[in-house]
Each structure stands twice: as C-alpha cells, then as structure tokens.
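Asks: what shape does this take:
(one chain, ligands or ions: 1)
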Amino acid sequence: MSEQLSFVSPTANSPWGTYLSQVDRVVPYLGPLARWVETLKRPKRALIVDVPIEMDDGTIAHFEGYRVQHNMSRGPGKGGIRFHPDVTLEEVMALSAWMTIKTAAVNLPYGGAKGGIRVDPKKLSLQELEKVTRRYTSEIGIIIGPHTDIPAPDVNTNAQIMAWMMDTYSMNVGGTATGVVTGKPLHLGGSLGRVKATGRGVFVTGREAARRLGMDLRGARIAVQGFGNVGSVAAELFADAGAKIVAVQDHTGTIVNSNGLDLAKLVPISRTDGVVGFKAGGDIVPNEDFWNTPCDILIPAALEGQLTAERAQKTTAKLVLEGANGPTVPQADDILAERGVLVVPDVICNAGGVTVSYFEWVQDFSSFFWDEDEINVRLDRIMMNALNHIWDTADKHKITLRTATYAVACERILMARQERGLYP
Ligand code: GLU
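Replies: Modelled structure (predicted):
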C-alpha cells in the first residue's frame, strides 16, 4: 500500500510519466524481485534550493535549483547538472531515475542522481554564470561528495562549470576534492576522452545495432536532432565510417542535404551561429520537416519527449539511436516497435558519458591517469558487453531493447536493495 507522490503530477508523455510507464513494462520480467519495484517509482531524496546572486547591474536575482538522488542501492549517486529555463523538479526526477537505470545497465558501481537550475545561461554574463554555479554548489553541498553523490556536465554545462563546482565544494570542506565532480578540465583531474565519450558510445552501440540489422553504414543516411556535445560527435564518427549526415536540427533550425552535409564545415559554424549558419551547405527547412526527411538512422540527441507518436509514424528510419535522455514517449515506442523500427534506448545508447565519468573518478582516487587509447578501448568493451547482454535478454523474452535494458538493470538494482534490506 503506497501512496502516490504529492509533489509531482506526471502525465502520460511527461518525463516522469514516461519513466513510470517504462518501469511498469518491466515488472512481468522481475520475478520475486517485483516486490521491491515501488522503490524505483519514487526518489530516495530530492532537494530544492534557492540560488540568489547579485547581477552585474546590481539587482538581486533568484533561481530555483534541484538535486535529486533517485537511488543509491548500488553505490553513490551519479548524474549531470542541467542549466535550462524549462528545468523542473519533475524533469530532474526523471533524469535522475534514468541515471539509476543507466549506471546499472552498464554495471557501474553507482546509483542515479541529477541536478539542475531553472535558468537560461545564455542570458548570464560569465561572472553571473560563475556566481550561480558556486552558490548552487554550496547549497547542494550538504548532499554531494566524492563518496555520496558525484555531479557531471549535462545540457548547457561544461568543464569550466565543473571546475567552479569542484573549487566551491573544496573550499567549503577544506582541501582539494577532485573526485566530487566529473567532466572537469584535464589539468584539474579530468579524463582524456570524456568530452567525446557520450557521442562515441552512441556510435559504438549504433554500429553494432546496424551490423546486427544487416545495415551497411557506408552510404547510410542519418538525421541528427541536437548538435551539441552528443549529436555532433556521433555525427562525425558515423561520417568517418562512411555514412551521410542528411539532416541536422538544433535550436536555430533545420538543415538538410540529401548528398550529405560537409561536417568539417558545419561543426565549427554551428558552434557560433547554429546549424542554420551553414546555409551554403544545404537547404534550411521548417523544423517539422526534419522528421520526414528520408533517412536510415535517426539520432534524437536533444531533449526529452521529441519523438512523439505522430513523428514515430512519419519517420523512414529503421534504427533509432537515443543520444538524448528520454527522447521517445511511450506511445511512440509502441508505434516504432509495431513498424519494425529498432530503438537503442537512451539508458544504454548514451551511457558512454557516465562510463568515462567513472574512469575519471577512478583515476582521481588513484592519482594515476590513463592515455586516451586505454580509455577508448575500455569504453568500447564496456558498451559492447552491456549491449550484447541486453540483446540476448531481448531475444530470450521477445521484448524490446528498452524493456530488456530495464530488465537487466532493475534486476541488479533490486537485488542490491533486497540484499541490503530495509533499515530499520
Ligand atoms: N549527463 C550525462 C548523462 O546524462 C553524464 C552523467 C555523468 O557523467 O555522470 O548520462
């Protein structure tokens, strides 16, 4: 007999609603561990903080910040920090829960957590951004730490922001605690390969999925939504493997070129002007047309809830690689499965980032740093082993890769839960 949570009102397609329906689908495959499943349907701990700063013009501004620790049965909390004007507690809860599933799916010794600030960082000066970051870190400092909960970059946060977080936490506790955040600059305990790790993981899992589908990557047409750290890196790796990037969408608009966009030109221009800055290299089309651009592989690598039922019906892709967290709503998942479109779910597809975050954390503790080849070899091995195990589970039960990933992950999480037992 468990009561509904009072502090969120999820809908069918909202992030937390999407997550809850993903958990419901796995229950039949959990056997006796299903007794513990309610554990996954509520966060262990959720902190809401006020972040006041003095702006450059002398006014005082307040922002709302969150850190949610969804589950810590298998280890400390782990997950990024998002700066976005639309961030809500409900969104951060879902993102923290997806981290729990993700770290368990690739068998990293972590639970799941996530944080965010409801702020548009593009409207802040560098100094204001630093103040927001430092005050937020100080406020959540009561629940984070190298052995309790380790933040990392996510949407609109980067190595510089991680450096400020590490410094603020370190100043407050005394000493230099490099292991409190990952995704730091290289000379501050960061790891080689971390920046490209998420995009690389999308490529590695996508290449394996394509091989199993009998799809040749040479000449394969790829559409990428979101051209930040995840989408652009994955696009480059697929292009290197011979694929054609035929459509790219970011916050500025959508560019298409059926012969393949020239990434050597598009990537640098997109950093300053967005993808529409590369008018010379393709046609700018209305955003909704992105979803019916003829393609073989679709990579949603932006925000949640983008692949709706209607868009799932339209896409010509045979393979969807979820670079973003939670891009596909449950109804779209069903439509894609019915249409025979294979979805490599976020909780395995984009796990490369947190995997190299784990390497960074291990290197920080041992104060011994690996070369990039070693990082990439280990990353590829972990991603391939995890994907193969999930694929076998999907074949055995005749279920989607998403439900299979949840089956593998939830068994690990709930087994740990059961073995630890309830306190008191
Ligand atoms: N923000 C990334 C994710 O969603 C990385 C998290 C981490 O490295 O802890 O997986």
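Asks: can you map out the helices along the chain?
Replies: Here the chain has its helices, by DSSP state H, at 15-26, 89-105, 126-140, 159-173, 194-213, 231-240, 263-273, 309-314, 330-338, 346-349, 352-366, 372-397, 401-420.
Asks: which one, of these, ends up nearest to the ligand?
Replies: Shortest distance between the ligand and the helices of the chain, using CB to the nearest ligand atom, is found for helix 352-366: 3.2 Å. Glycine gets a C-beta too; all of them are placed from N, C-alpha and C.
Asks: hmm, Tyr406 is touching Gln22, no?
Replies: Yes: with contact defined as CB atoms under 8 Å, Tyr406 counts as touching Gln22 (6.0 Å).
Asks: and those two? Which one has more around it.
Replies: Under the criterion of other CB atoms under 10 Å, the comparison of Tyr406 against Gln22 puts Tyr406 first, with 29 against 25.
Asks: tell me the contacts of the closest residue in space to the more buried one that isn't next to it in sequence?
Replies: Nearest residue to Tyr406, sequence neighbours excluded (CB to CB, 6 or more residues apart in numbering): Val26, at 3.9 Å. Going by CB atoms under 8 Å, 6 or more residues apart in numbering, Val26 touches 403, 406-407, 410.
Asks: now do the same for the residue of the stretch 151-300 of the chain found nearest the ligand: its pLDDT.
Replies: Per CB to the nearest ligand atom, Ala152 is where the stretch 151-300 of the chain lies closest to the ligand, at 3.3 Å. Looking at Ala152, its pLDDT reads 98.
Asks: next: Ser2.
Replies: Looking at Ser2, its pLDDT reads 85.
Asks: what does Ile117 give?
Replies: Note on Ile117: pLDDT of 98.
Asks: would you mind confirming that it is in contact with Val51?
Replies: Yes: applying CB under 8 Å, one finds Ile117 in contact with Val51, separated by 6.2 Å.
Asks: which residues are in contact with each of the two?
Replies: Common neighbours of Ile117 and Val51, counting by CB under 8 Å, 6+ apart, are 63-65, 132, 136.
Asks: identify the farthest-apart pair in those residues.
Replies: With CB to CB as the measure, no two of those lie farther apart than Glu64 and Val132, at 11.2 Å.
Asks: who has more neighbours, these two?
Replies: Set Glu64 next to Val132 and count neighbours by other CB under 10 Å: Val132 wins out with 23 against 16.
Asks: distance of that one relative to Ala223?
Replies: 34 Å (CB to CB, to the nearest Å).
Asks: what's the answer for Leu342, then?
Replies: 15 Å.
Asks: what does Ile142 give?
Replies: 44 Å.
Asks: more neighbours: those two, which one.
Replies: Neighbour count, other CB under 10 Å: between Ile142 and Ala223, Ala223 has more, with 26 against 11.
Asks: in this structure the more buried one contacts Pro300, no?
Replies: No: using CB under 8 Å as the test, Ala223 is too far from Pro300 to be in contact (9.1 Å).
Asks: let me know whether Leu261 touches Ile255 as I believe.
Replies: Yes: under the criterion of CB under 8 Å, Leu261 makes contact with Ile255 at 6.7 Å.
Asks: joint contacts of the two?
Replies: What both Leu261 and Ile255 touch, as defined by CB under 8 Å, 6+ apart, is the set 248, 278, 281-282.
Asks: now these in TSV, with pLDDT and distance to the ligand?
Replies: As requested, the shared contacts of Leu261 and Ile255 are exported to TSV (pLDDT from 0 to 100; distance: CB to the nearest ligand atom, whole Å):
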residue	pLDDT	distance to the ligand
Val248	98	21
Phe278	98	27
Gly281	97	30
Gly282	98	29
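Asks: tell me which two of those residues sit farthest apart.
Replies: Across those (CB to CB), the longest gap, 10.1 Å, separates Val248 and Gly281.
Asks: do you know how far the closest residue to Pro10 other than its chain neighbours is from Glu304?
Replies: Leaving aside its chain neighbours, Pro10 sits nearest to Gly17 (3.6 Å; criterion: CB to CB, 6+ apart). To Glu304, Gly17 is 11 Å away according to CB to CB.
Asks: which residues do the two both contact?
Replies: Listed contacts common to Gly17 and Glu304 are nil; contacts here mean CB under 8 Å, 6+ apart.
Asks: tell me which of these two has more neighbours.
Replies: Glu304 (23 against 19).
Asks: distance of the closest residue in space to the more buried one that isn't next to it in sequence from the ligand?
Replies: Leaving aside its chain neighbours, Glu304 sits nearest to Gly326 (3.9 Å; criterion: CB to CB, 6+ apart). Going from Gly326 to the ligand by CB to the nearest ligand atom, to the nearest Å gives 10 Å.
Asks: contacting residues for Gly326?
Replies: Gly326 sits in contact with 15, 18-19, 94-95, 98, 304-305, 346, where contact means CB under 8 Å, 6+ apart.
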